[in-house]
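Student: Sharing a model prediction with you, sequence too.
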Amino acid sequence: MLARGLVKRYKEVLAVDHVDLEVRAGDVYGFLGPNGAGKTTTLRMALGLITPSEGTVELFGADPMRAGAAALHGVAGFVEAPRFYPYLSGRKNLELLAALDGDDARDRIDEVLDTVELAPRAKHRVGGYSHGMRQRLGIAAALLRRPRLLILDEPATGLDPAGMRDMRLLIRRLAQDGITVLLSSHQLPEVQELCDRVAIVNRGRIVYEGGLSDLRAQAGRGYGLRTDDDTRARQIASGLSDLEVGVDPHGALRVHGPEAAIGRLSVALGQAGVAILSLTPELATLEDLFFRLTEESA
């Protein structure tokens with residue numbers, strides 16, 4: 001999927017502001033942003049569900065605004081939440097969708113139910129499914145189309161920890177099967193564990209797009225610091241150039257800066273008689289970087 005210069009205006013409101021995205025074959029691509037940042041609007045434009053005010057989208061070389069439904073060949077998924085007839089069974093819902101998709105979709109129902117681990121509940125009414133089961137049924141419906149690109153909008157929202165784990169394992173299995181996944185989410189630990197490339201959007205604008213490892217490397221290296229006098233250690237660190245000093249939610253010291261500055265800190269602490277109990281290098285988490293980028297852009 002390639003999007004260039006996507007803009008969406010609603011009268012005086014600029015919901016999406018010149019967004020560029022490039023989802024490559026084989027990616028597990030995270031599309032991140034706070035609620036109201038423009039993620040869902042961008043996905044709707046990418047799928048041809050709403051018309052961009054400006055910009056273009058290509059899905060495997062086809063523009064959905066020009067080619068219509070034909071551009072969605074090889075693309076499946078859901079935006080916001082999947083919808084089903086609650087009074088019908090999971091299997092019956094899939095049979096109706098398979099009839100619309102045609103080809104061999106009906107023959108794949110058992111296969112996709114097994115993939116999302118819903119075969120034992122296939123004959124039960126969807127109205128009795130848990131939220132996580134409905135999300136997995138939504139993925140099963142998408143898999144009927146044999147997608148090359150699977151778009152999932154907040155698939156783990158509202159799930160309990162076990163449901164989030166199951167969803168994470170399912171997405172990983174699909175990626176290993178060769179399906180490109182575009183995952184829109186604000187579940188940052190899930191994205192950090194699953195995705196290799198990310199785009200972060202805030203107030204309708206992209207504030208970062210590229211490799212997750214590159215983003216973490218650009219942020220530099222942080223260190224966890226434990227001493228026999230953390231109050232004195234923080235005072236010393238705060239007086240050194242090129243160092244950022246903070247305290248994590250558990251009260252532990254965190255310093256951030258180049259290795260040379262960390263070396264100077266070690267020397268300064270020794271000269272002041274402050275014993276270093278541990279100095280542990282830590283890459284910045286996606287959560288750290290997400291808040292840094294979105295707060296800076298705001």
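Tutor: Structure received.
Student: could you pull out the helices for the chain?
Tutor: 39-46, 64-67, 90-101, 109-115, 131-143, 161-176, 188-194, 212-218, 230-238, 259-271, 286-297 (DSSP state H).
Student: In terms of pLDDT, where does the closest residue in space to residue 266 that isn't next to it in sequence sit?
Tutor: Setting aside the residues directly before and after it, residue 266 is nearest to residue 276 in space (Cβ to Cβ, 6 or more residues apart in numbering), at 6.6 Å. Placement of C-beta: from N, CA and C, glycine included. The score at residue 276 is 94. That number is its pLDDT.
Student: Go ahead and confirm residue 276 touches residue 224.
Tutor: No - counting by Cβ atoms under 8 Å, residue 276 does not reach residue 224; the two are 11.3 Å apart.
Student: Mind listing the residues bridging to the residue nearest to residue 266?
Tutor: residue 227 (DSSP bridges).
Student: number of nearby residues for residue 288?
Tutor: 17 (other Cβ atoms under 10 Å).
Student: Repeat that for residue 188.
Tutor: Neighbour tally, residue 188, other Cβ under 10 Å: 18.
Student: so what's the nearest residue to it once chain neighbours are set aside up against?
Tutor: Once flanking residues are discounted, residue 188 sits nearest to residue 287: 4.6 Å by Cβ to Cβ, 6+ apart. By Cβ atoms under 8 Å, 6 or more residues apart in numbering, the contact set of residue 287 is 188-189, 192.
Student: Next: residue 124.
Tutor: So residue 124 contacts 89-90 (Cβ under 8 Å, 6+ apart).
Student: contacting residues for the residue nearest to residue 266?
Tutor: Here residue 276 is in contact with 225-227, 266, 269-270 (Cβ under 8 Å, 6+ apart).
Student: distance of it from residue 228?
Tutor: 8 Å (Cβ to Cβ, to the nearest Å).
Student: coming back round to it: just the buried residues out of the contacts of residue 276, in PyMOL syntax.
Tutor: Buried subset of those, written as a PyMOL selection, criterion 16 or more other Cβ atoms under 10 Å:
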select buried, resi 225+227+269
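Student: possible to save the contacts of residue 276 as JSON lines with distance to residue 73 and pLDDT?
Tutor: Compiled in JSON lines, the contacts of residue 276 are given as follows (distance: Cβ to Cβ, whole Å; pLDDT from 0 to 100):
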{"residue": "225", "distance to residue 73": "55", "pLDDT": "92"}
{"residue": "226", "distance to residue 73": "57", "pLDDT": "92"}
{"residue": "227", "distance to residue 73": "61", "pLDDT": "94"}
{"residue": "266", "distance to residue 73": "59", "pLDDT": "94"}
{"residue": "269", "distance to residue 73": "62", "pLDDT": "95"}
{"residue": "270", "distance to residue 73": "65", "pLDDT": "94"}
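Student: Just flag the most distant two among the contacts of residue 276.
Tutor: Farthest pair in those (Cβ to Cβ) is 226 and 270. Separation: 14.9 Å.
Student: follow-up on the earlier one: just give me the closest of the contacts of residue 287 to residue 202.
Tutor: Using Cβ to Cβ, these come closest to residue 202 at residue 188, 13.7 Å.
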